[in-house]
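Asker: The sequence isn't on hand, but the structure is:
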């Protein structure tokens with residue numbers, strides 16, 4: 001069973017950085033493709049970043065490319081999202097997901113964490 005718990009959200013000024021973490025308490029973490037999604041108030045949930053099972057491949061939404069970095073540590077059942085040069089439009093609830101599919105679709109995520117709030121002030 002996959003159980004995901006995010007942490008690391010908070011309030012930061014424009015241009016600042018945050019590092020989100022997500023831990024899986026299950027035993028099959030390394031068999032899943034891990035992704036981060038976000039949902040801003042009044043908007044649909046959107047893909048942010050994804051990483052392959054081994055961590056050797058990563059992919060990003062255009063809006064965050066060059067500013068965000070996804071990584072994982074399979075020995076700790078952890079996935080991370082380093083967010084730099086944050087903008088007010090990055091304000092959202094960020095959720096990590098575990099998936100069997102290498103895509104960017106919300107429907108492609110099999111398990112979701114509860115989410116962590118990121119607020120970027122201008």
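Answerer: Alright, I've got the coordinates. Every value quoted in this text rests on a predicted model; they were computed, and no experiment measured them.

Asker: List the contacts of the residue most central in space within the chain.
Answerer: The central residue of the chain, meaning the one whose C-alpha is nearest the mean C-alpha position (C-alpha atoms, centre = their mean), is residue 36 at 2.5 Å. Residues in contact with residue 36 (C-beta atoms under 8 Å, 6 or more residues apart in numbering) are 20, 22, 47-50, 70, 79, 81, 94-97. (C-beta placed from N, C-alpha, C; glycine too.)

Asker: Backbone dihedrals for it, please?
Answerer: phi -110, psi 140 (degrees, to the nearest 10).

Asker: coming back round to it: restricted to strands, list the contacts of residue 36.
Answerer: With strands identified by DSSP state E, the entries of the contacts of residue 36 that belong to them are 20, 22, 47-50, 70, 79, 81, 94-97.

Asker: Give me the pLDDT value at the residue located most distally from the centre of the chain.
Answerer: Distance from the C-alpha centroid of the chain, by C-alpha atoms, centre = their mean, peaks at residue 122 (22.4 Å). According to the predicted model, the pLDDT of residue 122 comes to 91.

Asker: Need the pLDDT of the closest residue to it other than its chain neighbours.
Answerer: Leaving out its chain neighbours, the residue that sits closest to residue 122 by C-beta to C-beta, 6 or more residues apart in numbering is residue 88, at 4.7 Å. With respect to pLDDT, residue 88 scores 97.

Asker: check contacts around residue 88.
Answerer: For residue 88, the contacting residues are 14, 120, 121, 122, by C-beta under 8 Å, 6+ apart.

Asker: circling back: whichever of the contacts of residue 36 count as buried, I'd like them selected in ChimeraX; how would that read?
Answerer: What follows is the ChimeraX syntax selecting those of the contacts of residue 36 that are buried according to 16 or more other C-beta atoms under 10 Å:
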select :20,22,47,48,49,50,70,79,81,94,95,96,97
